[in-house]
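Visitor: fold the following.
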Amino acid sequence: MKNLLLVELTRLRWRRAVVVLLVACLLVPVAICLGAAWNTRPFSDADVAEAERLAQFEADQPYIQQEIERCQENPEMYGGGPDVDCVEMITPSAANYLYRQTLDVGSVLDNEATAVVSLLAVVLLVLGTTFVGHDWNTGSISNQLLFEPRRRRVWAAKGLAVLLVGLVVGALALLVFWGAVGVLVAQRDIAVEPGQWAVVRNTAARGVLLVALSGFLGYALTMLLRSTVATLAIGLGVAAAGSIAVLATFGEGAQRWLLPTNAYAVLDNGYEYYVWSPACDVMVQGGTDPCTQTISLGAGATYLAVVLAVVVVASLVSFRRRDLP
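Guide: Alright, predicted model coming up:
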């Protein structure tokens, strides 16, 4: 089995499409991190100067003086008392033109990190289906079984190769991403809440597992369908069209049974979604929101495990019993 696994790893490494996808796995976190760094960059002297210019230009407009005079005549209309400083309250300042989101580890975890894991999962899904889809398209799978006729071992070796690559690539990509975020946080001297990095580590670990299993799912599904196109079509249908159709038919409560929402529940240690009911019209003092439902980590993991198990079993049975081209 070891030699067979090494052969499959070598075949996977020499597949040019796979190499391109592996490079993409490393470029995705770098690109997203650069985008987060740029969008949260500190204000430069040029930014401050431009904001001051815009504030002065706005302050010189006639309507500003008119607004100040109205405020001084009737300050109550502007939410102030007799001592309100109408000039300070109404005159534009440079701060009005300096608005930019600051870098926050919690916000990155909820947004950019989730995007990284989602994109990596898609890339690994494509990698898994591309790797074995080539064997079915060219018919080389029959030649491979001449050297190793035990189909179950061949299936397992290929799947394990995809799974191991997914684990390594996912871990490396998220390490690069969070390492870069950590450097930015340290450079900008941003305070991080106690325990926040522990949450990041746990979330990243679950993300690595999801990325690897996504590639393994793509592999198993392609071994079942024997077509790269069919696997990608099903993946796109489940992720997009299928989710929309289910929600349109069964309402927002159907989110409990959607693949993406259960994946998010595993990644984020729970997923909350809104479901309307008559109880929503009643104001609840304290307690839980009657309109909010939660998919727990355990429930999401169970759902994904069942889906993966069904596909794997069907794929193995099909590969062992169906005739080869």
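Visitor: now the strands: where do they sit in this structure?
Guide: With DSSP state E as the criterion, the chain has strands at 271-274, 292-295.
Visitor: make a markdown table from these and add mean pLDDT, distance to G235 and mean neighbour count to it.
Guide: All C-beta spots, glycine's among them, are computed from the backbone N, C-alpha and C. Compiled in a markdown table, those are given as follows (pLDDT from 0 to 100; distance: least, CB to CB, whole Å; neighbours: other CB atoms under 10 Å):
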| stretch | mean pLDDT | distance to G235 | mean neighbour count |
| --- | --- | --- | --- |
| strand 271-274 | 83 | 20 | 17 |
| strand 292-295 | 83 | 21 | 16 |
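Visitor: put together JSON lines for those, with distance to V169 on each row.
Guide: Below are these laid out as JSON lines (distance: least, CB to CB, whole Å):
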{"stretch": "strand 271-274", "distance to V169": "25"}
{"stretch": "strand 292-295", "distance to V169": "27"}
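Visitor: quick one, which of those gets closest to R152.
Guide: strand 292-295 (34.2 Å; CB to CB).
Visitor: please save the CA atoms from the closest one in PDB.
Guide: Extracted as PDB, the C-alpha positions of strand 292-295 are listed here (Å, rounded to 0.1, in the frame of the first residue of the first chain):
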ATOM      1  CA  THR A 292     -32.900  32.400  15.300                       C
ATOM      2  CA  GLN A 293     -32.000  28.800  14.800                       C
ATOM      3  CA  THR A 294     -28.500  27.400  15.300                       C
ATOM      4  CA  ILE A 295     -26.600  24.600  13.600                       C
END
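Visitor: can you spell out which helices and strands pack onto it?
Guide: If you count contacts as 3 or more CB pairs under 8 Å, 6 or more residues apart in numbering; DSSP states H and E, strand 292-295 packs onto helix 259-267, strand 271-274.
Visitor: tell me which of those lies nearest to R100.
Guide: Closest among the helices and strands packed on strand 292-295, using CB to CB: helix 259-267, at 27.3 Å.
Visitor: list the contacts of the closest one.
Guide: Helix 259-267 is contacted from outside by 114, 117, 121, 203, 206-207, 210, 238-239, 243, 255, 271, 273, 295-297, 299-301, 303-304, 307, using CB atoms under 8 Å, 6 or more residues apart in numbering.
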